[in-house]
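> Sequence unavailable; structure follows:
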């Protein structure tokens with residue numbers, strides 16, 4: 001990629017630089033050729049923490065175990081191996097549950113698409129043990145949401161308790177998924193009715209279903225996103241979370257290395273207005289993982305917007321903060337705003353005017369009059385802030 005897109009990576013720690021160097025080295029035999037300077041004064045405990053945080057330890061282990069590099073302490077390899085084993089068992093467990101849920105939903109005429117999990121690991125890496133996944137993410141039509149919940153509850157799953165109740169179908173606008181947990185199986189499952197939160201534009205479920213693929217990982221048919229839809233979903237998901245885990249960027253790297261025809265995916269990029277996010281992902285993948293991009297892909301990085309939001313993401317990538325810590329920061333709020341187009345920002349602003357449970361607590365009204373919360377919401381928000389300032 002042209003030097004004009006180069007990012008300022010001076011703030012990256014030596015441990016993160018070494019981690020990236022190992023990740024982007026395709027041939028494990030070449031790992032022994034990694035510059036000796038990268039190994040000087042390495043905090044190996046810090047290196048391991050970064051591997052855990054970025055969820056890339058399975059791939060790191062698979063490369064280092066073959067490299068037989070004596071510059072890496074034995075306890076580092078042993079620690080990576082233990083976590084690799086745990087992850088392999090977790091992915092096998094999730095694979096079994098993925099097949100069971102697919103059969104349960106299909107037999108009850110509910111169409112479902114897997115967004116992440118073992119099916120994605122098998123597709124992208126060719127081996128479920130090389131990618132981590134803490135849960136199963138499923139996309140269904142919003143019209144099937146009630147029936148899906150009934151099936152999960154009857155199968156032993158429990159719905160995550162809501163922090164506050166919702167009013168006037170607020171959940172449809174402020175959320176895009178709901179979480180369930182199976183206490184006996186210790187498995188978390190997320191049911192999505194949208195790929196991303198409002199107001200991001202995205203394909204309808206029927207469009208995604210028409211372009212679906214079937215996995216060969218299980219004996220019972222398991223469906224997941226078409227390759228173009230999967231790439232754009234993973235890019236939007238990673239961008240929305242500030243790419244604070246390198247695993248998401250590694251997914252993009254692995255997919256692009258397999259080859260994508262820009263002519264096929266370009267119409268989707270234009271239709272769903274995520275050119276700047278694709279540009280951001282391409283710049284980050286190229287700069288951090290040396291992902292090869294052809295001239296067609298590089299055109300998507302042109303303009304200052306993609307480079308700016310790519311540089312802003314470095315602050316989230318270099319640390320080990322949790323998502324909740326990151327999203328509560330002023331830096332992230334500014335970053336999140338920069339991802340949206342003017343039209344998306346306008347619709348996001350409109351959603352802020354949708355009534356919430358807090359409004360019903362500020363001014364109690366009988367249910368038939370709840371429609372009045374729409375015009376009253378700005379005043380109720382100002383009132384709550386005023387009361388908060390008084391009590392400070």
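Structure's in. What do you need? Fair warning: this is a prediction, and the values are worked out from it, not measured in the lab.
> Could you identify the longest helix within the protein?
Scanning the chain for the helix with the most residues, using DSSP state H, yields helix 74-107.
> That helix - what's its average pLDDT?
For helix 74-107, mean pLDDT rounds to 97.
> After that helix, which helix or strand is next? Please name it.
strand 113-114 (DSSP states H and E).
> Leaving out the residues flanking it, which one is nearest to residue 12?
residue 318 (5.4 Å; Cβ to Cβ, 6 or more residues apart in numbering). For the C-beta atoms, the positions are set from N, CA and C on the backbone; glycine is no exception.
> so that neighbour makes contact with residue 16?
Yes - applying Cβ atoms under 8 Å, one finds residue 318 in contact with residue 16, separated by 6.0 Å.
> More neighbours: those two, which one.
residue 16 (22 against 15; other Cβ atoms under 10 Å).
> Could you report the distance from the residue nearest to residue 183 when sequence neighbours are not counted to residue 150?
Closest residue in space to residue 183, ignoring its immediate chain neighbours: residue 158 at 6.5 Å, by Cβ to Cβ, 6+ apart. Look at residue 158 and residue 150: by Cβ to Cβ, to the nearest Å, they are 13 Å apart.
> Remind me which helix or strand the residue nearest to residue 274 when sequence neighbours are not counted belongs to.
Leaving aside its chain neighbours, residue 274 sits nearest to residue 236 (5.9 Å; criterion: Cβ to Cβ, 6+ apart). Taking DSSP H and E as the criterion, residue 236 maps to helix 227-240.
> likewise residue 70?
Residue 70 belongs to no helix or strand, assigned by DSSP H and E.
> what pLDDT does it get?
The model's pLDDT for residue 70 equals 79.
> ok, now residue 192?
Taking residue 192 on its own, its pLDDT is 96.
> Let me know whether it touches residue 179 as I believe.
No - at 10.4 Å, residue 192 does not count as touching residue 179 under the criterion of Cβ under 8 Å.
> So these two - more neighbours on which side?
When neighbours are counted by other Cβ under 10 Å, residue 192 and residue 179 differ, and residue 192 comes out ahead with 20 against 14.
> so how far is residue 157 from the more buried one?
Taking Cβ to Cβ, one finds residue 192 at 15 Å from residue 157.
> Next: residue 338.
37 Å.
> Who has more neighbours out of the two?
residue 157 (21 against 14).
> mind checking pLDDT for the residue nearest to residue 12?
For residue 318, pLDDT reads 93.
> quick one, what contacts it?
Contact analysis of residue 318 by Cβ atoms under 8 Å, 6 or more residues apart in numbering lists 11, 12, 13, 16.
> got a list of what the second one touches?
In other words, residue 12. Per Cβ under 8 Å, 6+ apart, neighbours of residue 12: 20, 314, 318.
> Could you point out which of the residues you listed is nearest to residue 188?
Within these, the smallest distance to residue 188 is 27.9 Å, found for residue 318 (Cβ to Cβ).
> Specify the beta-bridge partners of residue 138.
residue 114, residue 191 (DSSP bridges).
> Residue 320 versus that one, what's the distance?
29 Å.
> Settle it for me: which of those two has more neighbours?
Neighbours were counted for residue 138 and for residue 320 using other Cβ under 10 Å; residue 138 has more, 25 against 13.
> just checking, that one touches residue 188?
No - contact criterion Cβ under 8 Å: residue 138 and residue 188 do not qualify, at 11.5 Å.
> can you give me phi and psi for residue 214?
phi -110, psi 140 (degrees, to the nearest 10).
> Compute the distance between it and residue 9, please.
For residue 214, the distance to residue 9 - Cβ to Cβ - is 40 Å.
> Could you check which of the two has the larger neighbour count?
Each of residue 214 and residue 9 has its neighbours counted (other Cβ under 10 Å); residue 9 has more, 15 against 11.
> In three-state terms, label the more buried one for me.
In three-state terms, and counting by DSSP: H, G, I helix; E, B strand; the rest coil, residue 9 is coil.
> what separates it from residue 151, distance-wise?
Distance from residue 9 to residue 151, by Cβ to Cβ: 48 Å.
> need the contact list for the nearest residue to residue 288 once chain neighbours are set aside.
Nearest residue to residue 288, sequence neighbours excluded (Cβ to Cβ, 6+ apart): residue 20, at 5.5 Å. By Cβ under 8 Å, 6+ apart, the contact set of residue 20 is 12, 246, 288, 289.
> Buried members of those into ChimeraX, please.
A single ChimeraX command selects the buried members of the contacts of residue 20 (16 or more other Cβ atoms under 10 Å):
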select :12,246,288,289
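> nearest to residue 368, of the contacts of residue 20?
For those, the minimum distance to residue 368 (Cβ to Cβ) is 52.0 Å, reached by residue 246.
> Nearest spatial neighbour of that closest one, chain-adjacent residues omitted?
residue 54 (3.9 Å).
> Over to residue 131?
Distances taken as Cβ to Cβ, 6+ apart put residue 121 closest to residue 131, at 3.7 Å, once the chain neighbours are dropped.
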